[in-house]
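J.: this one's structure only:
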């Protein structure tokens, strides 16, 4: 069980909920990292007094350093600071709650130090899943998923004796705010509309990914890597209520699912306490009040990002890194209202058509594919 935490991405949605669980479980915090939110980081540092605080932005780090000069807390900045936070000797668990491919290097560094990885950064496995899982095998590091869907699969597999018993992993998906709309109707969608998720409170990037269904495509690839299954054994269904968080279908026809309220603190808590469970102060799911549970087939014509992700999952190599990087850039452009909602999948496909795929990539190949894909979108 976790005793000491290094939290990468403490000011985001997952980071803030992680600190709620840290309070409940009475855990120690060794490091906190953030991007630019100095005010919130200062409050977190003063409450948890980590040995290290990191701001990715150098000016923000200077500002934080001045504000907390009365505390025995070292302040670093940038990618080097993120690596230092991921490899703190006293931390037994590293929570990777940063958004995007920036989480790849610190995750690999933490694995090399044999840390437990509470993985909330799906892009790490999307871009370099084979490298990451291979490193976890070599160094004996534990990877415990924090995403609600992958935690649900993880929990539903606890009684599985070998992977040969699995027929399918079924990831559930709320369908986002535009469930039932046709492709043509989505042309005029504005960021304010796409940020209205029906069930979950999340950061802007993942909320847009949920609206395009790219988030589910990324999760399909992540599940393939995490549970070492081919693409044809991982699928998704629309489940509007977000009560069934995912299912495992076994070869004898049995299905085991994990149900709960749409609250990220449950998978975060389990990532800290696994293989045990800790009491929770949160209100549990009430089966008599949760209402009807429905399931639908995803519409990959209206939401082509899911189709694109499935195609990249089959192709493999650096195609997933290209797709992920192009999507990150396109989502940011959409949030700035520089492109339309349907331009997000168009830009991803454009990058995939222009950047060469390498099929047995090194880490350097993956990072270069990421860079080139971003250039394609930026130079659209």
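T.: All right, it came through fine. Nothing here was measured: the structure is a model prediction, and the numbers come from that model.
J.: use CA for all of it now, contacts and neighbours both
T.: Will do.
J.: Point out where the stretch 51-200 of the chain drops to low pLDDT.
T.: Low-confidence segments of the stretch 51-200 of the chain, defined by pLDDT under 70: 199-200.
J.: repeat that for 80
T.: 100-101, 197-200 (pLDDT under 80).
J.: contacts for stretch 288-306?
T.: 175, 181-184, 212-214, 216-217, 236-241, 243, 307, 345 (CA atoms under 8 Å, 6 or more residues apart in numbering).
J.: That stretch: end-to-end distance?
T.: 33 Å (CA to CA, to the nearest Å).
J.: next one: stretch 259-267
T.: Using CA to CA, one end of stretch 259-267 lies 11 Å from the other.
J.: What is the distance between that stretch and the centre of its chain?
T.: Distance of stretch 259-267 from the chain centroid (CA atoms, centre = their mean, to the nearest Å) equals 15 Å.
J.: neighbouring contacts of the strand or helix carrying residue 369?
T.: Following DSSP states H and E, one finds residue 369 within helix 363-378. By CA under 8 Å, 6+ apart, the list of residues contacting helix 363-378 from outside reads 127-128, 131, 318, 321-326, 329-330, 347-348, 350-352, 354-358.
J.: Stretch 195-212 now?
T.: 12-14, 174-178, 194, 215-216, 241-242, 262-263, 303-306, 328, 331-332.
J.: Which of those fall within helices?
T.: With helices taken from DSSP state H, the overlap with those comprises 13-14, 194, 215-216, 304-306, 328, 331-332.
J.: Kindly reformat these as a markdown table and extend each row with neighbour count.
T.: Shown next, in a markdown table, are those (neighbours: other CA atoms under 10 Å):
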| residue | neighbour count |
| --- | --- |
| 13 | 16 |
| 14 | 28 |
| 194 | 21 |
| 215 | 21 |
| 216 | 27 |
| 304 | 21 |
| 305 | 28 |
| 306 | 25 |
| 328 | 22 |
| 331 | 27 |
| 332 | 16 |
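J.: so where do the helices sit in the stretch 101-250 of the chain?
T.: For the stretch 101-250 of the chain, helices defined by DSSP state H, counting those that start in this stretch occupy the ranges 104-112, 122-139, 148-156, 191-194, 204-212, 214-227.
J.: what sits against residue 332?
T.: residue 205.
J.: What's the separation between it and residue 192?
T.: 13 Å.
J.: Can you report phi and psi for the residue of the chain most remote from its centre?
T.: Computed with CA atoms, centre = their mean, the maximum C-alpha offset from the centroid of the chain is found at residue 70, amounting to 34.7 Å. The phi and psi values for residue 70, taken as degrees, to the nearest 10, are phi -80, psi 0.
J.: do the same with residue 67
T.: According to degrees, to the nearest 10, residue 67 has phi -70, psi -30.
J.: Nearest spatial neighbour of it, chain-adjacent residues omitted?
T.: If the residues on either side of it in the chain are set aside, residue 67 comes closest to residue 42, at 7.4 Å by CA to CA, 6 or more residues apart in numbering.
J.: name the element that neighbour belongs to?
T.: Assigned by DSSP H and E, residue 42 falls within helix 38-48.
J.: List of residues touching that helix?
T.: With CA under 8 Å, 6+ apart as the criterion, helix 38-48 contacts 10-11, 28-29, 32, 34, 53, 60-61, 63-64, 67-68, 71.
J.: can you give me the offset of the helix holding residue 369 from its chain's centre?
T.: Relative to its chain's centre, helix 363-378 lies at 20 Å (CA atoms, centre = their mean).
J.: How about stretch 299-315?
T.: On CA atoms, centre = their mean, the centre of stretch 299-315 falls 18 Å from that of its chain.
J.: what does stretch 42-61 give?
T.: Put simply, stretch 42-61 sits 22 Å off its chain's centre (CA atoms, centre = their mean).
J.: Also stretch 141-158?
T.: Computed by CA atoms, centre = their mean, the chain-centroid distance of stretch 141-158 equals 12 Å.
J.: Over to stretch 38-57?
T.: Relative to its chain's centre, stretch 38-57 lies at 22 Å (CA atoms, centre = their mean).
J.: hey, where'd the strands end up in this protein?
T.: In the chain, strands defined by DSSP state E lie at 4-8, 28-34, 52-55, 74-77, 93-96, 116-119, 142-145, 166-173, 234-238, 244-250, 255-259, listed in chain order.
J.: could you dump those to TSV with mean neighbour count and distance to residue 222?
T.: Converted to TSV, the strands of the chain look like this (neighbours: other CA atoms under 10 Å; distance: least, CA to CA, whole Å):
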stretch	mean neighbour count	distance to residue 222
strand 4-8	28	19
strand 28-34	26	24
strand 52-55	28	27
strand 74-77	20	29
strand 93-96	29	14
strand 116-119	25	11
strand 142-145	22	10
strand 166-173	23	11
strand 234-238	19	10
strand 244-250	23	14
strand 255-259	17	18
